[in-house]
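# A predicted structure for the sequence below; I have some questions about it.
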Amino acid sequence: MASKTIHMKRYPWLINPYKIIIKQHQIKKTHHAFLIKTIKGLGVCKLILEISKWLLCNHRNGIKCCKKCHSCQLMLSGNHPDWHQYISKKDEIITVNHIREINEKIFKYPKQGKNKIIFLSNIQKMTESAKNALLKTLEEPPKNTWFFLIDYNNLRVNSTLHSRCLIYILSPPLEKNSLSWLKNQNLLNKKLNLIALRIYQGSPISAKKFINDGLWEERNNLFLYFLKSIKNQNLLKILPILSIKNTILKIDWICLLLFDSIQLYFNQKKKLTNFDQLELIQFFSSNYNYFTLHQSIYTWTKCRYRLLNIPSINSELLLLEQLLKWEKILSFVI
């Protein structure tokens with residue numbers, strides 16, 4: 001496989017999806033709009049980029065782009081006039097004006113070669129009016145225009161939008177393959193790698209980032225304080241560490257730990273994510289029933305939602321309220 005592109009070498013789980021999608025184009029049985037359902041941390045944007053390079057290449061070599069033609073050079077420099085990517089910034093929203101801008105571009109002749117590509121890298125960032133405007137475009141798209149859309153959240157998406165696209169599900173690699181990849185990245189602690197993978201739903205790239213960015217130490221520190229506060233029946237002790245930074249991540253870790261307690265409650269020990277935190281997991285599983293654990297997760301999820309969606313909210317006050325509420329749920333307060 002010496003012919004793989006650099007990104008395919010870097011992320012081997014993308015090789016088959018790349019071949020499958022390119023093959024559909026080669027036999028002219030593809031769809032003008034691909035909606036890829038996946039999770040973050042699999043490199044799907046790199047996959048779309050490599051497919052786009054092939055579609056825009058003027059001198060293809062089988063499933064490879066030539067890397068030499070003017071079109072390939074423009075893609076390499078990030079200046080191809082027929083490649084249009086939307087949502088490159090973290091908090092950017094796609095509005096109906098963006099869709100109008102897309103329409104202006106795609107109904108013109110391609111400036112290089114014969115194909116044009118529109119890449120919407122997170123459809124959850126689209127407003128409802130933008131989705132409705134896009135539907136009209138997808139109903140009667142101009143010839144040789146290819147749309148690639150990504151859905152990370154796998155939430156309810158406009159059913160009509162589904163009907164106008166070919167749905168492709170990009171799943172995480174098998175756990176053993178991801179562990180092998182992490183080992184090849186010089187991450188040699190198998191236990192740590194497995195926990196990181198499970199925290200991030202099997203995403204090798206996110207697991208690697210978690211380990212390398214020092215989040216592992218933050219997580220361990222949180223659970224250390226958490227265990228002490230549980231034993232003292234005083235959850236307010238974790239407020240300083242919870243509110244200082246990465247609050248949303250820490251709420252996610254707490255919810256995953258509670259979910260592990262539910263798993264253990266139903267004797268699913270092999271499926272635990274935080275199997276290095278058995279003392280905490282066993283405490284919750286032994287002392288609380290499914291409904292109490294479920295209620296705990298629900299209140300934390302609600303707290304998380306409010307932190308993310310209410311502008312200028314006093315996060316420390318909200319966390320204080322949540323911890324007091326949780327103490328009551330856990331019967332720390334009578």
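Good, I have the coordinates.

# CA only for contacts and neighbour counts going forward, please
OK.

# give the residue spans of the stretch 151-300 of the chain that score low on pLDDT.
Along the stretch 151-300 of the chain, the model assigns pLDDT under 70 to residues 154-159.

# try it again at 90.
151-167, 187-188, 214, 231-232, 244-245, 265-271 (pLDDT under 90).

# check contacts around P141.
H32 (C-alpha atoms under 8 Å, 6 or more residues apart in numbering).

# quick one: pLDDT of it?
Reading off the confidence values, P141 has pLDDT 83.

# distance-wise, check it relative to K231.
Using C-alpha to C-alpha, to the nearest Å, P141 is found at 62 Å from K231.

# before we move on, what about I199?
With distances taken as C-alpha to C-alpha, I199 is found 25 Å from K231.

# the more surrounded of the two?
More neighbours surround I199 than the other of I199 and K231, with 20 against 11 (other C-alpha atoms under 10 Å).

# just give the closest residue to that one, not the sequence neighbours.
Leaving aside its chain neighbours, I199 sits nearest to T273 (6.4 Å; criterion: C-alpha to C-alpha, 6 or more residues apart in numbering).

# report the buried residues of the helix or strand hosting F210.
Taking DSSP states H and E as the criterion, F210 maps to helix 204-212. Neighbour-count burial for helix 204-212, counted by 16 or more other C-alpha atoms under 10 Å, picks out P204, I205, S206, A207, K208, F210.

# in a markdown table, list these along with distance to I15.
Putting those into a markdown table (distance: C-alpha to C-alpha, whole Å) gives the following:
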| residue | distance to I15 |
| --- | --- |
| P204 | 15 |
| I205 | 16 |
| S206 | 19 |
| A207 | 20 |
| K208 | 20 |
| F210 | 24 |
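
# just the closest of those to G43, please.
Distances from these to G43 were compared by C-alpha to C-alpha; the smallest belongs to I205, at 7.6 Å.

# quick one: contacts for the closest one?
Taking C-alpha under 8 Å, 6+ apart, we find I205 in contact with G41, L42, G43.

# quick check, nearest of these to I27?
Among the contacts of I205, G43 lies closest to I27 (C-alpha to C-alpha), at 25.6 Å.

# neighbours around the closest one, how many?
Neighbourhood size, G43 [other C-alpha under 10 Å]: 20.

# which ones are touching it?
Y11, L14, I205.

# quick one on the thing from earlier: how far off centre is the helix holding F210?
Relative to its chain's centre, helix 204-212 lies at 13 Å (C-alpha atoms, centre = their mean, to the nearest Å).

# all good on my end, thank you.
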